[in-house]
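K.L.:
My questions concern the predicted model and sequence given below.
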Amino acid sequence: MNYTFGGKTKILTIVLAVIGLAAIIYGAVATPERLLPNLLLNAFIFTAISIGGTVFIAVHYAGQGGWYSAVKRVPEAFASFLPIGMFLLLGLVVFDMFSTSETFKIWEWMDPEFQKTDRVYLNSGKKTWLNNGFFIGRVIGYIAIWWGFSYMLRKWSRQEDIIGGLGNHRKSMIASSIFLVLFGVTSSTAAWDFLMSIDAHWFSTMFGWYTFAGMFVSGLCMVTLITLHLKRQGLMPWVNENHIHDLTKLIFAFSIFWTYVWFGQYMLIWYVNLPEEINYFLERFSTNYRFVTLTALVLNFVFPLIFLMGRKSKRRYGYVTFAACIILFGHYLDWFQVIMPGTIKDKWSIGFTELGMFAGFLGLFLFVVLNSLSKHALVPKNHPFLNEAKQHHI
Amino acid sequence: MSSKKESKKTILAVFDDPDNTLAGAKALMGKGIKIREIYSPFPIHGIDHVLGIKPTRVSTIAFFYGATGTFLALLMIWYMNIEDWAMDIGGKPSFSLAQNLPAYIPITFELTVLIAAHLMNFTFLFTSRLFPGLNNMNPDPRSTDDKFVMEIVLDDNKKMSGDDIKSALQETKVVEVNDSHLLYKD
């Protein structure tokens, strides 16, 4: 049974993408200082969603999970967006290194003047990690690891459809285990590089996990949303409320995990009150970012805690769709308050530039992913655990 | 639980596979045969649904236990750190519970979990009537190893004879059908 990508859905994604293009042009002309931070924000979010899908597959391969094979074609399709998001991030990094303009700037430490004069940068060992050559090398490494493993897992899964047998499954298991180890390191370093180094003087050891939790939750929300979209088309009859229950359970669990890490980071910095650390939270709580920060906390913690705890709420499709949208938006706001205070400071606003670009990236993401989904069968018919997935019952 | 006098009127159906037990229970319940209990070495997934056992209410009471834990933890911290001996938390001498709350969250969380978990355990033992020195209520000791034993009490099924039930059992993948007095002679 195949998915045909067309009709209203296709038009909608194209319309969203066109809105995004308009927002980029509008942003470049009317609000130039908001353009690059928003590009980074959206490129990072949708890269995070894509890689979250691959982590979902890899975790289940490594842990010999069964039920996930019912929905595994959806996160596999996310891999097709990964190069777009990641090369955009690479483009932003390279552009930022050669940009001399004050307006189009994201990472302050890339300024040659900063690298020559900033005493913290020169004397605290930051210079070894944050320098142009190493930074570009790392981003290329992330692309190689993240995209490489996502691509191979997807390729082997499709090969399995044709030739059957256990060979591809075994290969995927080994590759997934290696990927999870590498991703454990690179998700942290990528979080430091793309997000934490915006505030070049600031550092937090919890930041990597905090970003990883956000990545995984957003990826899971997108998997759930696209699966439910396919179900609404009358496809994937083997996916029932038990699979949605498990997906939502993961969303709930990792929302709580996100909060745990968020609070761990906040409490230690609040408690110790060191000037170079507390600055990060002062920027977010003593300015008008306060509203965004607190809203993100409410949407990502209080909302799932109250609305997703019960068994019945995890099994109603309409309810889960609503909750996943809210949590996805919550993580948009969360990353918004991570990126914006360090880049555009008090000149922020949420207007057509922000919402239009988010819509545009969403449209592009959905276009690429749904297009990739329509090219291959939705059921991994030779997956060894497929029967278990079809009988899944909780 | 069945006493030894009652046990003569009990049929014990022995299965050797959890899926067969579940399917068998479903088939018997479909025919209107009431099953008193199923003894199993491990929880069989979905069996409570088939036997029509009401969902547990322990999660509702757990919320109130947790709320009790939160309250007690905050009360303890308030008394120790604010009221009785005012503490300067992290160089912030505000002496206020609300302003120092981040420092108290971990302890509050731990005590909430501790108190909720312990009280839930005691509640479970109490409602299951489990206590030290209790006699074994298991009709067939093999159900603690590799067999699944279904207990059907004839008094529960007044409309059917024992032979009706046994012939219904033979249609399932049952391994043995025993009258309980064969195993436990008075």
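P.N.:
Great, that's in hand. Numbering: from 1, shown residues only, chains lettered A, B, ... in the order given.
K.L.:
Which segments of chain B make up each domain?
P.N.:
As assigned by automatic domain parsing, chain B contains the domains B:6-55+B:139-183, B:58-127.
K.L.:
Now do residue A:27, the pLDDT please.
P.N.:
Per-residue pLDDT puts residue A:27 at 91.
K.L.:
One more: the one 4 residues further on?
P.N.:
With respect to pLDDT, residue A:31 scores 88.
K.L.:
just the one 4 residues further on next, same as before
P.N.:
Note on residue A:35: pLDDT of 91.
K.L.:
From start to finish, how long is stretch A:140-159 in a straight line?
P.N.:
End-to-end span of stretch A:140-159 (CA to CA, to the nearest Å): 27 Å.
K.L.:
do stretch B:51-64 as well
P.N.:
When the termini of stretch B:51-64 are compared using CA to CA, they are 29 Å apart.
K.L.:
avg pLDDT for that stretch?
P.N.:
pLDDT averaged over stretch B:51-64 gives 89.
K.L.:
swap in stretch A:180-189?
P.N.:
On average, the pLDDT along stretch A:180-189 is 96.
K.L.:
Name the residues of that stretch that come out as buried.
P.N.:
A:180, A:182, A:183, A:186, A:187, A:188 (16 or more other CB atoms under 10 Å in any protein chain shown). Every residue, glycine included, has its C-beta placed from N, CA and C.
K.L.:
Over to stretch B:154-162?
P.N.:
Those would be B:154, B:157, B:160, for stretch B:154-162 by 16+ other CB under 10 Å.
K.L.:
re the thing from before, closest one to chain A among the domains of chain B?
P.N.:
Closest approach to chain A among these (CB to the nearest CB): domain B:58-127, 4.3 Å.
K.L.:
Just the buried residues of the helix or strand where residue B:74 lies, please?
P.N.:
Per DSSP states H and E: residue B:74 is located in helix B:58-77. For helix B:58-77, the neighbour count (16+ other CB under 10 Å) marks B:62, B:65, B:66, B:69, B:70, B:73, B:74, B:77 as buried.
K.L.:
who touches residue A:74 in this structure?
P.N.:
By CB atoms under 8 Å, 6 or more residues apart in numbering or on different chains, the contact list for residue A:74 reads A:53, A:223, A:226, A:227, A:230, A:373.
K.L.:
Just name the closest of these to chain B, please.
P.N.:
residue A:227 (23.0 Å).
K.L.:
from the chain's centre, how far out does the host helix or strand of the closest one sit?
P.N.:
Using DSSP H and E, residue A:227 sits within helix A:207-232. Taking CA atoms, centre = their mean, to the nearest Å, one finds the center of helix A:207-232 at 8 Å from the center of the full chain.
K.L.:
Indicate whether the next helix or strand after that helix makes contact with chain B.
P.N.:
Counting by DSSP H and E, the next helix or strand C-terminal to helix A:207-232 is helix A:241-272. Yes: using CB under 8 Å from any CB of the partner chain, helix A:241-272 reaches chain B at A:263, A:266, A:267, A:270, A:271, A:272.
K.L.:
Residue A:229: neighbour count?
P.N.:
18 (other CB atoms under 10 Å in any protein chain shown).
K.L.:
Those residues of chain B touching chain A, which are they?
P.N.:
Checking chain B against chain A by CB under 8 Å from any CB, the hits are B:45, B:46, B:89, B:90, B:91, B:92, B:102, B:103, B:105, B:106.
K.L.:
7 Å - rerun?
P.N.:
Applying CB under 7 Å from any CB of the partner chain, one finds that chain B approaches chain A through B:45, B:46, B:90, B:91, B:102, B:103, B:105.
K.L.:
mind pulling up the phi and psi values for the third one?
P.N.:
Right, the one you point to is residue B:90. Backbone torsions of residue B:90, given as degrees, to the nearest 10, read phi 60, psi 40.
K.L.:
Just give the closest residue to it, not the sequence neighbours.
P.N.:
Spatially, and ignoring its direct neighbours in sequence, residue B:90 is nearest to residue A:271 (4.3 Å; CB to CB, 6 or more residues apart in numbering or on different chains).
K.L.:
Worst mean pLDDT across the helices and strands of chain B, which element?
P.N.:
Every helix and strand in chain B was compared by mean pLDDT, DSSP states H and E; the lowest is helix B:180-183, with a mean of 55.
K.L.:
show me where pLDDT drops low in chain B?
P.N.:
Applying pLDDT under 70 to chain B picks out residues B:1-8, B:181-186.
K.L.:
Tell me where it has helices.
P.N.:
B:18-30, B:47-51, B:58-77, B:101-127, B:162-170, B:180-183 (DSSP state H).
K.L.:
Of all the ones you listed, which one comes closest to residue A:129?
P.N.:
Counting by CB to CB, residue A:129 lies closest to helix B:101-127 out of those; the figure is 29.7 Å.
K.L.:
could you check the angle helix A:241-272 makes with that closest one?
P.N.:
With axes from the mean of the first three to the mean of the last three CA atoms, to 10 degrees as the basis, helix B:101-127 and helix A:241-272 are set at 140 degrees to each other.
K.L.:
Just flag the most distant two among the residues of chain B next to chain A.
P.N.:
The widest separation within the residues of chain B next to chain A (CB to CB) is 56.1 Å, between B:46 and B:91.
K.L.:
Could you report the distance from residue A:348 to residue A:326?
P.N.:
22 Å (CB to CB, to the nearest Å).
K.L.:
Between those two, which has more neighbouring residues?
P.N.:
residue A:348 (23 against 15).
K.L.:
check which helix or strand covers the closest residue to that one other than its chain neighbours.
P.N.:
Spatially, and ignoring its direct neighbours in sequence, residue A:348 is nearest to residue A:340 (4.8 Å; CB to CB, 6+ apart). Applying DSSP H and E as the criterion places residue A:340 in helix A:317-343.
K.L.:
mean confidence for that helix?
P.N.:
95.
K.L.:
and residue B:112, what is it in contact with?
P.N.:
For residue B:112, the contacting residues are B:66, B:69, B:70, B:73, by CB atoms under 7 Å, 6 or more residues apart in numbering or on different chains.
K.L.:
Could you find the closest non-adjacent residue to the first one?
P.N.:
Taking CB to CB, 6+ apart, and ignoring the residues beside it in sequence, residue B:66 has residue B:116 as its nearest neighbour in space, at 4.1 Å.
K.L.:
can you check the second one too?
P.N.:
In this structure, residue B:69 finds its nearest non-sequential neighbour in residue B:115, 3.3 Å apart by CB to CB, 6+ apart.
K.L.:
Can you report how many residues neighbour the one you found?
P.N.:
By the measure other CB under 10 Å, the count of residues near residue B:115 is 19.
K.L.:
Could you verify my assumption that it touches residue B:65?
P.N.:
Yes: using CB atoms under 7 Å, residue B:115 makes contact with residue B:65 at a distance of 6.1 Å.
K.L.:
Report the secondary structure element holding the closest residue to residue A:42 other than its chain neighbours.
P.N.:
Spatial nearest neighbour of residue A:42, chain neighbours left out: residue A:361 (4.1 Å); criterion: CB to CB, 6+ apart. Element membership for residue A:361 (DSSP H and E) is helix A:352-374.
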